[in-house]
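Participant: please work out how this folds:
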Amino acid sequence: MDSTDLTHYKALVAKLPLLRKEIGKVIIGQQEAISEVLISLLAGGHCLLEGVPGLAKTLMVKTMSDALAMRFKRIQFTPDLMPGDIVGTEILEDDHETGHKVFVFNRGPLFANVVLADEINRTPPKTQAAMLEAMQEYKVTYGGNDYELPKPFLIIATQNPIEQAGTYPLPEAQLDRFLLYIKLSYPSEREELDVLKSTTGTSRPNLQTILSDQDIIQLQKLTREVHISDELIEYINRLVRASRPADSPSAFVKQWGEWGAGPRAGQALVLCAKARAVLNERFSVIPDDIQALAYPILRHRIALNFRAEAEGITTDQVIKELLTTVK
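Facilitator: Numbering: from 1, shown residues only. Sure thing, here's the model as predicted:
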């Protein structure tokens, strides 16, 4: 990287705190969740947000899109939603040159830079699966033709941990497609008081555009060039392998684990650690990056046995044990 590129990239990275400040004009609190969504964006992956109703999940995603000047679409997932409703479909139109009728592909709401899949577990598996190709291949196939999705492309799905009646839990294969599984908690007393004061009047914050879609593409490229030492990559490898009960040095994992994370978890941890370094205006990964991201990266890639479920053991407890055991 020459000095001109370095200066350019430093200028882009310097805008990331401004981006967080703009989002903070609308979203009070939830700093950790906002950071993790931005890490997912910089790493070029997708994320799943889980939280009870009323925690501003939708507003957070919409605000981020506004501050990034990227095309935003929201899809409300319902039991009667069909794959064609999100991917698109062919419609019959007149060809004014030939006078014949022709089928033309009408792109669905997936063709946006940021797609909010609201309450994804409310729709049947057939429609959930329609997103798999888009999430993995960044394209849509319809009628034998491939249609490229715009870049950057980020799917942020939400689900509600309560009211599980009539829902369709995501299968493990689809959960693994999400780079991060982010859990939102209730705001603190001070934050909730600020929410009450700031959202019940007439004033509305005026958001400014901080970064463009092309800026994000360049930051994603920079993220992959961030330095990570061989020692930290070996640490990540040990951490992921220790999540597998058969090979784990942890008695806790052996007792409560059913199966552990695959190699994709290690790839996600390396990439997201680099993204966290960029977000914090660093150009090398430190151990804190890995330990902070172990929870959202591993919690949906570890399965517990029946005894663990009966005893109320959670995957976050297993990850905490892994971080203590693996050095």
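Participant: let me see the contact set for residue 175.
Facilitator: Contacts for residue 175 (C-beta atoms under 8 Å, 6 or more residues apart in numbering) come out as 48, 181, 300-301. To be clear about C-beta, it is placed using only N, CA and C from the backbone, and glycine gets the same treatment.
Participant: show me those that map onto strands.
Facilitator: When strands are assigned by DSSP state E, the members of those inside them are 48, 181.
Participant: nearest to residue 293, of the contacts of residue 175?
Facilitator: Nearest to residue 293 among the contacts of residue 175: residue 181, at 11.1 Å, using C-beta to C-beta.
Participant: what sits opposite that closest one in the beta ladder?
Facilitator: residue 48 (DSSP bridges).
Participant: correct me, but it touches residue 45?
Facilitator: No: in this structure residue 181 lies outside contact range of residue 45 using C-beta atoms under 8 Å: 11.2 Å.
Participant: contacts for the helix or strand containing residue 195 next, please.
Facilitator: In this assignment (DSSP states H and E), residue 195 forms part of helix 189-198. With contact meaning C-beta under 8 Å, 6+ apart, helix 189-198 is reached by 28-29, 186-187.
Participant: cool, and stretch 76-84?
Facilitator: So stretch 76-84 is contacted by 75, 108, 117-124, 126-127, 129-130, 166 (C-beta under 8 Å, 6+ apart).
Participant: kindly export it (C-alpha atoms) in CSV.
Facilitator: Output of stretch 76-84 as CSV, limited to C-alpha atoms (Å, rounded to 0.1, in the frame of the first residue of the first chain):
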residue,chain,number,x,y,z
GLN,A,76,-41.8,-8.0,6.9
PHE,A,77,-41.7,-11.8,7.1
THR,A,78,-45.2,-13.4,7.5
PRO,A,79,-46.5,-16.9,7.3
ASP,A,80,-47.9,-16.3,3.8
LEU,A,81,-44.8,-14.7,2.3
MET,A,82,-43.6,-16.5,-0.8
PRO,A,83,-40.0,-16.7,-2.3
GLY,A,84,-41.1,-14.6,-5.3
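Participant: name the helices or strands packed onto the lowest-mean-pLDDT helix or strand in the chain?
Facilitator: Least confident helix or strand of the chain, by mean pLDDT, DSSP states H and E, is helix 3-13 with a mean of 79. Applying 3 or more C-beta pairs under 8 Å, 6 or more residues apart in numbering; DSSP states H and E, one finds that helix 3-13 contacts helix 213-225.
Participant: by how many degrees do the helix it packs on and helix 3-13 diverge?
Facilitator: 110 degrees (axes from the mean of the first three to the mean of the last three C-alpha atoms, to 10 degrees).
Participant: measure the residue minimising distance to the centre of the chain to residue 226 for me?
Facilitator: The chain has residue 47 as the residue nearest its centroid, 1.7 Å off, counting by C-alpha atoms, centre = their mean. As judged by C-beta to C-beta, to the nearest Å, residue 47 and residue 226 stand 19 Å apart.
Participant: many thanks, I have nothing further to ask.
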